[in-house]
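Trainee: Okay, here's the prediction I keep looking at, along with the sequence it came from:
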Amino acid sequence: MPASRLLPTPFHGSEEAFHMIAQGAEGVVYRTNFLSSNSSTSPSNDISGNAALKIRYPKPWRHPILDRRLTRQRILAEARVLVKLSRELRAPGDGISGAVPNVLGMSSEEGWLATEWIEGATVKAGIRGWEERQRVLREKAQRGDDVASEAQLEVLRALLRRIGAVVGRLHVCGIVHGDLTTSNMMVRACKPSPMGKAEAVASTSDDDKLEGEIVLLDFGLAQQSIADEDRAVDLYVLERAFGSTHPKVMEGRYSGQSAGAMFDEVLQAYAVATGKAGKITLRKLEDVRMRGRKKSMLG
């Protein structure tokens with residue numbers, strides 16, 4: 001690890017147990033161990049033994065006082081959102097299965113936040129894997145089109161409906177994510193344990209990678225808001241992310257439907273999860289889309 005990127009105090013002397021997962025403008029994410037003597041990074045039932053650590057390193061181009069203040073505010077804000085959602089996102093009895101990583105520890109002064117490590121695949125990887133399977137099946141059948149079987153489409157539609165329901169629940173909790181993409185969502189496969197609780201398991205088949213609990217990640221841009229405009233922008237960001245990351249899905253190449261029909265699965269599930277308030281948000285989404293089109297036309 002570069003000397004310019006020192007580890008926070010609780011992690012001193014454990015550089016060998018750090019594995020960089022992602023690096024962005026706001027910070028770096030590592031996979032490591034937190035409050036555990038186990039140096040292995042293999043999956044464990046003890047979530048404290050496997051953690052995702054986000055570190056917001058100092059920005060040398062910002063004034064030191066301003067930099068410390070912003071880092072402290074953003075770490076605290078993200079931690080508060082995660083704690084709130086860990087209590088409220090999964091409501092009993094409504095059939096919506098969604099989650100966020102549990103907060104394990106943090107320091108607003110040192111600029112780090114440790115959360116539960118989530119086993120599973122990102123929604124982005126899952127959908128791309130599904131698309132690859134359709135390509136293989138098409139070649140085996142020597143078909144000239146991309147249209148998938150109804151059974152295969154239902155696997156994808158079910159995933160989209162779960163995403164819509166979880167985003168709806170997120171908004172009902174009074175939180176807007178700010179960066180909803182398929183890279184910031186994971187599918188955690190679950191099975192009933194002998195104690196009657198769900199526990200994460202490794203996927204046993206390709207389709208299993210699309211089946212399971214949706215876990216939302218990276219709340220660095222999240223904020224508490226119940227404004228319909230903010231919620232609509234959240235949905236618009238997700239829609240645009242789908243269009244750029246999974247264009248064939250959005251264009252209806254696999255379903256034979258019109259463009260955007262598959263994403264309607266997300267919006268319909270969102271409407272069910274949010275009730276009357278969701279209808280207002282979806283009307284506002286039309287306004288946001290119109291502004292987006294005008295901006296694209298004008299450059």
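Mentor: Good, I have the coordinates.

Trainee: Would you map out the domains in the protein?
Mentor: Using automatic domain parsing, the domain ranges for the chain come out as 9-116, 121-298.

Trainee: tell me, which of the ones you listed is the model least confident about?
Mentor: Averaged per stretch, pLDDT over those is lowest on domain 9-116, reaching a mean of 81.

Trainee: List the buried residues for stretch 110-119?
Mentor: By neighbour count on 16 or more other Cβ atoms under 10 Å, the buried set for stretch 110-119 is 110-119. (C-beta placed from N, C-alpha, C; glycine too.)

Trainee: can you put those residues in CSV and add secondary structure and distance to Gln224?
Mentor: Converted to CSV, these look like this (DSSP: H, G, I helix; E, B strand; the rest coil; distance: Cβ to Cβ, whole Å):
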residue, secondary structure, distance to Gln224
Glu110, coil, 24
Gly111, coil, 21
Trp112, strand, 22
Leu113, strand, 17
Ala114, strand, 22
Thr115, strand, 19
Glu116, strand, 22
Trp117, coil, 26
Ile118, coil, 23
Glu119, coil, 29
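
Trainee: Can you list the neighbours in contact with the helix or strand Ala241 falls within?
Mentor: Secondary structure from DSSP states H and E places Ala241 in helix 228-245. Defining contact as Cβ atoms under 8 Å, 6 or more residues apart in numbering, one finds that helix 228-245 is touched by 124, 127, 167, 171, 176-183, 223, 225, 249-250, 263, 266-267, 270, 277, 280-282, 284-285, 287-289, 292.

Trainee: Could I have the ChimeraX command that selects the buried members from those?
Mentor: Restricted to buried positions by 16+ other Cβ under 10 Å, the ChimeraX selection for the contacts of helix 228-245 reads:
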select :124,127,167,171,176,177,178,179,180,181,182,183,225,249,250,263,266,267,270,281,282,284,285,288
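
Trainee: any idea which helix is longest in the protein?
Mentor: Assignment by DSSP state H gives helix 64-88 as the longest helix of the chain.

Trainee: Distance from the next helix or strand along the chain from that one to the middle of the chain?
Mentor: Sequence-wise, the next helix or strand downstream of helix 64-88 (DSSP H and E) is strand 98-99. Put simply, strand 98-99 sits 10 Å off its chain's centre (Cα atoms, centre = their mean, to the nearest Å).

Trainee: for strand 98-99, packing partners?
Mentor: Contacts defined by 3 or more Cβ pairs under 8 Å, 6 or more residues apart in numbering; DSSP states H and E place strand 98-99 against helix 150-172, strand 213-216.
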